[in-house]
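Undergrad: Mind looking at a prediction? Sequence and model below.
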Amino acid sequence: MNPANCIGCKKFPCQDMNHKAYSIPSIEFDSEKVQMMMISEVAPVNPGDYYYASEEAPLFQQTTLLAFQDAGVPVRSFQDILKKGIYFTTAVKCGKTGYGVSTDTIKECSLLLEKELELFPHLKTIMLMGDVAIKSLNYIAKRQGEPRVIPTGSTCKIRGGVFSYKGIRVYPSYLQAGPSFFIEKSKRRMIAEDIHKAMA
């Protein structure tokens with residue numbers, strides 16, 4: 001199963017995003033074997049930095065591999081992570097044009113993420129890497145008539161809580177994909193702790 005063949009944006013209604021940086025995971029997966037999904041915030045401005053880009057050592061792969069190694073997961077390459085039944089995607093499928101992402105854009109793109117979640121019937125864990133991913137899953141839950149998955153509050157205060165979506169354990173954390181991963185060492189430590197808990 002290739003997610004890019006199953007979901008996609010056709011109208012590109014979000015005016016605050018770079019549509020040239022549109023990225024949907026285009027890789028063959030055995031959807032039955034995927035047990036964990038890691039959702040970061042937005043697609044990179046440079047598509048060559050995306051998780052599944054063909055370029056050598058894309059940035060999203062590099063920082064994610066480091067995050068898993070920080071967590072004590074015995075992996076040497078991004079492919080080693082994928083083989084563990086972990087799927088990576090973004091809440092918003094286009095790159096940023098500015099600093100933030102509008103509420104309307106997060107809500108609109110959560111429609112795609114909702115369909116993407118449905119592709120994997122045996123998910124046990126979802127990791128929400130950053131505020132955009134957290135808001136996106138909350139919008140999905142609201143549309144389905146369910147309470148918000150993650151309560152309002154700073155990530156550092158809520159990340160120790162127990163949260164679930166349709167019986168799937170959900171972990172709110174910080175963004176591990178991209179250059180920001182190298183900047184704040186305290187967040188990098190917390191990301192490692194969260195990955196360790198999710199893998200357990």
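TA: Cool, got the structure.

Undergrad: which residues does Met127 bridge with?
TA: Met38, Tyr171 (DSSP bridges).

Undergrad: what sits against it?
TA: Met127 makes contacts with Met36, Met37, Met38, Ile39, Val170, Tyr171, Ser173, Asp194, Ile195, Ala198, as judged by C-beta atoms under 8 Å, 6 or more residues apart in numbering. For glycine as for every other residue, the C-beta is placed from the backbone atoms N, C-alpha and C.

Undergrad: would CSV of the residues you listed with neighbour count be doable?
TA: Output for those, formatted as CSV (neighbours: other C-beta atoms under 10 Å):
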residue, neighbour count
Met36, 22
Met37, 23
Met38, 26
Ile39, 24
Val170, 22
Tyr171, 22
Ser173, 25
Asp194, 23
Ile195, 26
Ala198, 19
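
Undergrad: nearest to Lys124, of the residues you listed?
TA: Met36 (6.6 Å; C-beta to C-beta).

Undergrad: So that closest one sits against Ile126, correct?
TA: Yes: at 7.5 Å, Met36 counts as touching Ile126 under the criterion of C-beta atoms under 8 Å.

Undergrad: What distance do you get for the most centrally placed residue in the chain to Lys185?
TA: Centroid check for the chain by C-alpha atoms, centre = their mean gives Ile39 as the closest residue, at 1.1 Å. Ile39 sits 23 Å away from Lys185, taking C-beta to C-beta, to the nearest Å as the criterion.

Undergrad: try Gly145
TA: 41 Å.

Undergrad: host element of Ser164?
TA: Per DSSP states H and E: Ser164 is located in strand 163-165.

Undergrad: Could you pull out the strands in the protein for me?
TA: 17-18, 36-42, 86-92, 95-96, 125-129, 163-165, 168-173 (DSSP state E).

Undergrad: what's the closest of those strands to Pro3?
TA: Across the strands of the chain, closest to Pro3 is strand 86-92 (C-beta to C-beta), at 7.5 Å.

Undergrad: Which other helices and strands does that closest one contact?
TA: strand 36-42, helix 103-117, helix 131-143 (3 or more C-beta pairs under 8 Å, 6 or more residues apart in numbering; DSSP states H and E).

Undergrad: from the ones you listed, which stretch is densest packed?
TA: strand 36-42 (a mean of 24; mean count of other C-beta atoms under 10 Å).

Undergrad: average model confidence for that strand?
TA: The average of the pLDDT scores along strand 36-42 is 98.

Undergrad: what angle separates that strand from strand 125-129?
TA: Counting by axes from the mean of the first three to the mean of the last three C-alpha atoms, to 10 degrees, strand 36-42 points 20 degrees away from the direction of strand 125-129.

Undergrad: What is strand 36-42 packed up against?
TA: Going by 3+ C-beta pairs under 8 Å, 6+ apart, strand 36-42 lies up against strand 86-92, strand 125-129, helix 131-143.

Undergrad: what's it in contact with?
TA: Strand 36-42 has contacts (C-beta under 8 Å, 6+ apart) with 17, 60, 64, 84-96, 101, 113, 117, 120, 123-133, 136-137, 175-178, 198-199.

Undergrad: Thanks a lot, see you next time.
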